[in-house]
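Asks: how would this look folded up:
(one chain, ligands or ions: 1)
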Amino acid sequence: MAKKVQDALKDLVSLCKRRGFIFPGSEIYDGLANTWDYGPYGCELKRNIKDLWWKKFVTSRSDVLGLDSSILLNPKVWQASGHVGNFSDPLVDCKSCRERFRADHLLEEKLGEGCTMGKNFKEIAEMIVENEIECPKCKAKDFTEPRAFNLMFKTEMGAVEGAGNMVYLRPETAQGIFINFKNIMDNVRPKIPFGVGQIGKSFRNEITPGNFIFRTREFEQMEVEFFCEPGTEAEWYKYWKQFCMDWLVDDLGVTKEKLRLREHTAEELSHYSNGTSDIEYAFPFGWGELWGIASRTDYDLTQHQNESKVKQEYFDAAQNKRYIPYVVEPSLGVDRLLLVLLADAYEVETLKSEDPSKPDDTRVVLRFHPAVAPVKAAILPLVKKGKVKEEAQNIYKKLLNHFYVEYDETQSIGKRYRRQDELGTPYCITVDFDTIGEGDDVNPELKGTVTVRERDSMKQERVAIEDLELWLFKNIARS
Ligand code: ATP
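Replies: Predicted structure coming up:
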């Protein structure tokens, strides 16, 4: 990883560890390179992302159904899909330090994205020499010839070892959907156009994983395969690009200016695709793919029909015609979206001192959209005993029925606010003597109310305890 990249990501990675979002994998055994474990707040954040996606792309739509297919599939699936033959990256070794790299990535660093599209291995080898590409690790300019490295993980199935038992871990969730197309058609009988959505783990033996959770060998995907009548795919392709972009900006609150849609050039397009684009995000290390949206024609279903000899046709009764549907696929990585949401939310804010004799303060804040935030509210009693504590605990227990909320009575209120800011908690609820209406100088009108502090503006308002649940529901749903 280049130094600049490390610096840009360093603070985020350390916050993620410090605050229990993401831990390096297998840490007590000195780690396992590029594996990450989601801690209590990270897994909550991930769950929120998946729930929001599922609701938006599956359950709230009358034209998309859900599926949960296996990770282990018959190897013929990957033969038919082209993954056995083609799912590979050009691998080169540095002859000096023996580090391995993706040749296309090395060239793209110098010449820009897509520069190796349509080039064969011989041409890529020539480009490496002509452009005097250096090894990022040792700076030598001596690489092996590029060779194809298949990204699928292999494992054995069953108790008997041997070639006949070899299976792959799926490198995408999409094929599980294609091979169930007939099952869904025959048993659920949806009408075209319709889609099937799936969330699940995928595995790719990436040559150069890195940039934190951007590229890992084990990751999760959220994919829809949308089946439509041939000839209507361009319309649906356009529709899904807009739908996905709108969800990111309107529902998840991702900064619009940090997103862009990059249409693939003719050389970049897979031979079966008549339109592919990436939604890219301006990550701390530069623009990178977040979401791939591809119009895949009837390629996948046709391939499976040819390999399995099982018809993959749809009968359109209204038009009295039979056809293999075309497919538009929006394919998104859960972990990559999680990184986008973290990077987009992260801010080190300067808080101007009101007293000129005192220096300005800073706070680290994760400005998550409330719907995404792992902790929705923190209940903070101003004193940790007596009726104030009792009331705070009652509120906590009541809210726990509906939201992931925290109770915290340790340290000063300022420190507790800062901790919640770093977790991205949108609301802090403080319980004080006014709430219980007892003590010196209490304002009787405030009895039965609490103070709610909003994370971003730090503004406070009094809310009646009996209205709290409704207040939170309304504010979390706000777009
Ligand atoms: P890349 O060019 O980054 O390798 P890709 O074009 O191979 O990605 P797709 O096959 O289109 O990716 O996968 C769809 C989505 O799955 C990507 O947009 C990304 O969000 C996610 N994804 C793919 N590979 C990885 C990975 N190794 N780690 C994390 N997420 C991934």
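Asks: Could you chop this structure up by domain?
Replies: 2-86+152-342, 88-150, 375-478 (automatic domain parsing).
Asks: How confident is the prediction for the residue of the stretch 251-400 of the chain found nearest the ligand, by pLDDT?
Replies: In the stretch 251-400 of the chain, the residue that lies nearest the ligand is Gly333 (2.7 Å; C-beta to the nearest ligand atom). Backbone N, C-alpha and C define where each C-beta goes, glycine included. pLDDT for Gly333: 98.
Asks: How much space separates it from Leu446?
Replies: The gap separating Gly333 from Leu446 is 48 Å, by C-beta to C-beta, to the nearest Å.
Asks: Just want to know which of these two has more residues nearby.
Replies: The neighbour count for Gly333 versus Leu446, taken as other C-beta atoms under 10 Å, is higher for Gly333 (23 against 17).
Asks: got a list of what the closest residue to Gly275 other than its chain neighbours touches?
Replies: Among residues not flanking Gly275 along the chain, Ser295 sits closest, at 4.1 Å (C-beta to C-beta, 6 or more residues apart in numbering). Neighbouring residues of Ser295 by C-beta atoms under 8 Å, 6 or more residues apart in numbering: 233-234, 236-237, 273-276, 326-329.
Asks: where does Ser295 land in three-state SS?
Replies: On the three-state scheme (DSSP: H, G, I helix; E, B strand; the rest coil), Ser295 is labelled strand.
Asks: Identify the bridge partners of it.
Replies: Gly275, Val328 (DSSP bridges).
Asks: pLDDT score assigned to it?
Replies: The model reports Ser295 with a pLDDT of 98.
Asks: again with Met1
Replies: The per-residue pLDDT reported for Met1 equals 42.
Asks: Can you get me the start-to-end distance on stretch 340-355?
Replies: Counting by C-alpha to C-alpha, to the nearest Å, you get 37 Å between the two ends of stretch 340-355.
Asks: Is stretch 93-107 in proximity to the ligand?
Replies: No. With C-beta under 6 Å from any ligand atom as the criterion, the ligand is not reached by stretch 93-107; the gap is at least 9.0 Å.
Asks: Figure out how far that stretch is from the centre of its chain.
Replies: 28 Å (C-alpha atoms, centre = their mean, to the nearest Å).
Asks: now it: mean pLDDT?
Replies: Mean per-residue pLDDT for stretch 93-107: 93.
Asks: which outside residues touch it?
Replies: 89-92, 115-116, 124-125, 127-128, 131, 133, 135-138, 140, 142-144, 146, 207-208.
Asks: From the residues you listed, list the buried ones, please.
Replies: By neighbour count, with 16 or more other C-beta atoms under 10 Å, those hold 89-92, 115-116, 124-125, 127-128, 133, 135-136, 143, 146, 207-208 as buried.
Asks: what helices or strands is the strand or helix carrying Lys201 leaning on?
Replies: Assessed by DSSP states H and E, Lys201 sits inside strand 194-203. Contacts defined by 3 or more C-beta pairs under 8 Å, 6 or more residues apart in numbering; DSSP states H and E place strand 194-203 against helix 40-54, strand 64-67, helix 174-178, strand 218-228.
Asks: That one pairs with which strands, parallel or anti?
Replies: The partner list of strand 194-203 in its sheet, established with DSSP bridges, is strand 64-67 (parallel), strand 218-228 (antiparallel).
Asks: Now do that strand against helix 40-54, angle only.
Replies: Relative orientation of strand 194-203 versus helix 40-54 (axes from the mean of the first three to the mean of the last three C-alpha atoms, to 10 degrees): 150 degrees.
Asks: Buried residues in strand 194-203, which are they?
Replies: Residues 194-200, 202-203 are the ones in strand 194-203 that count as buried (16+ other C-beta under 10 Å).
Asks: and what of stretch 156-169?
Replies: By neighbour count on 16+ other C-beta under 10 Å, the buried set for stretch 156-169 is 167-169.
Asks: Which one of those is nearest to the ligand?
Replies: Distances from the ligand to the buried residues of stretch 156-169, taken as C-beta to the nearest ligand atom, are shortest for Leu169 (12.6 Å).
Asks: what sits opposite that closest one in the beta ladder?
Replies: Beta bridges link Leu169 to Leu72, judged by DSSP bridges.
Asks: Which strand residues bridge Leu332?
Replies: Met222, Trp291.
Asks: Would you confirm that it contacts Met222?
Replies: Yes. Counting by C-beta atoms under 8 Å, Leu332 touches Met222, with 4.9 Å between them.
Asks: who touches both of the two?
Replies: Contacts common to Leu332 and Met222, judged by C-beta under 8 Å, 6+ apart, are Trp53.
Asks: Tell me the buried residues within the contacts of Ser295.
Replies: The neighbour count (16+ other C-beta under 10 Å) marks 233, 236-237, 273, 275-276, 326-329 as buried among the contacts of Ser295.
Asks: In JSON lines: those, plus pLDDT.
Replies: Shown next, in JSON lines, are these (pLDDT from 0 to 100):
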{"residue": "Glu233", "pLDDT": "98"}
{"residue": "Trp236", "pLDDT": "98"}
{"residue": "Tyr237", "pLDDT": "98"}
{"residue": "Ser273", "pLDDT": "96"}
{"residue": "Gly275", "pLDDT": "97"}
{"residue": "Thr276", "pLDDT": "97"}
{"residue": "Tyr326", "pLDDT": "98"}
{"residue": "Val327", "pLDDT": "98"}
{"residue": "Val328", "pLDDT": "98"}
{"residue": "Glu329", "pLDDT": "98"}
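Asks: So which residues on the stretch 1-150 of the chain come close to the ligand?
Replies: Applying the criterion C-beta under 6 Å from any ligand atom, no portion of the stretch 1-150 of the chain neighbours the ligand.
Asks: For the ligand, what's the nearest residue on the stretch 1-150 of the chain?
Replies: Asp89 (8.1 Å).
Asks: Quick check: bridge partners of the closest residue to that residue other than its chain neighbours?
Replies: Leaving aside its sequence neighbours, Asp89 sits nearest to Arg102 (C-beta to C-beta, 6+ apart; 5.0 Å). With DSSP bridges applied, Arg102 shows beta-bridge pairing to Leu91.
Asks: Name the surrounding residues that touch stretch 249-261.
Replies: Contact partners of stretch 249-261, identified using C-beta under 8 Å, 6+ apart, comprise 52, 56, 241, 245, 248, 277-282, 287, 290, 340-341, 344, 368-369, 371-372, 479.
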